[in-house]
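Chemist: Provided below are the primary sequence and the corresponding predicted coordinates.
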Amino acid sequence: MTINELRNECDGRLNEAGISDHLTDSMLLIMHVLNVSRDHILAHGTDPVEDDKAEKLLELVRRRCEHVPLQYITGHQEFMGLDFAVNEHVLIPRQDTECLVEEAMIETGDGMRVLDLCTGSGCILISLMKYKNQIDGTGIDISEKALEVASLNAEKNGVEAVFLCGDLYDALNKEPEGSVSSGSRFDVIISNPPYIRSDVIPTLMEEVKDHEPGVALDGGNDGLLFYRRMIEGADEWLIPGGCILFEIGFDQGDAVSGMLKDKGYRNVCVVKDLAGLDRVVKGHKRI
């Protein structure tokens, strides 16, 4: 088969399976398998494709037809201009979350200590460490499998982060005295926690509800479970005047900012993303 014939075959199968971006996905899968650019595909459409590569491509298309996310098939996702490995154990980094990193970059000075709760793939912490100098970064996640991905991404992007397994701040309490994360407080606490209401999850796209890790999605009955827990425990681990930042759902700005104000945080504000939706809540601990 030629490249063009394979494109038509892939487009047709993905379209029939109800994949809305079938044209884009078929192009990306071909680029992935053949290890060529989009321009190469467009310019060399009549070139033949080796049988083994054609078979591999059609197998990947079969998985995409089952609504396995494209990023899990290719094994990577771009975020903040960096390349991150992803698999079924971590949430796929999304462009919306870049708003959280951008706000954190405003609040994070060179050499500061940063704690990333629910770190997942590590994309938030690693991006901060990549674009700031000498950040002392610690990421926590309850999933050991997720932390394996985060560690791979830190190495891949040339940063030295500490990753701890545990339930939010409990992971810090388990650290032995004298270790890198024992006792010391952080200048910045940041998180993109699970914030989808439990009853909403069954209504999500198949790619999300059936394939992304539920532990990274489910925020409890009202979607606010993890914000309560992180804000309640932050006093012990955030320095006076330190900044806490959260990604939020579009309708959670008032609730989360209210929690911070109730705990005495100052300069609490809600930041909108490029689509004009509430995306980030941040505030500073009282001095």
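Modeler: Yep, it's here.

Chemist: which stretches in the stretch 51-200 of the chain count as helices?
Modeler: Taking DSSP state H, counting those that start in this stretch to define them, one finds helices in the stretch 51-200 of the chain at 51-65, 70-74, 98-107, 123-131, 144-156, 170-173.

Chemist: tabulate the ones you listed in CSV, adding columns for distance to Ala85, mean pLDDT and mean neighbour count.
Modeler: To be clear about C-beta, it is placed using only N, CA and C from the backbone, and glycine gets the same treatment. Converted to CSV, those look like this (distance: least, C-beta to C-beta, whole Å; pLDDT from 0 to 100; neighbours: other C-beta atoms under 10 Å):
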stretch, distance to Ala85, mean pLDDT, mean neighbour count
helix 51-65, 17, 97, 16
helix 70-74, 10, 98, 18
helix 98-107, 18, 98, 19
helix 123-131, 10, 98, 25
helix 144-156, 5, 98, 19
helix 170-173, 22, 93, 17
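
Chemist: tell me which of those helices sits nearest to Pro194.
Modeler: Pro194 lies closest, by C-beta to C-beta, to one member of the helices of the stretch 51-200 of the chain: helix 144-156, at 12.3 Å.

Chemist: output the below-cut-off pLDDT ranges for this protein.
Modeler: Residue ranges of the chain with pLDDT under 70: 175-183.

Chemist: in what helix or strand does Ile208 lie?
Modeler: I think there's a mix-up here, since residue 208 is Val and not Ile. helix 206-209 (DSSP states H and E).

Chemist: please apply the same query to Phe246.
Modeler: strand 238-247.

Chemist: thinking again about what came up before, now the helix holding Val208: buried residues?
Modeler: Glu207, Val208, Lys209 (16 or more other C-beta atoms under 10 Å).

Chemist: closest to Lys282 out of those?
Modeler: In terms of C-beta to C-beta, no member of those lies closer to Lys282 than Val208, at 25.9 Å.

Chemist: excluding chain neighbours, what is closest to the closest one?
Modeler: Distance criterion C-beta to C-beta, 6 or more residues apart in numbering; nearest residue to Val208, sequence neighbours excluded, is Leu217 at 7.2 Å.
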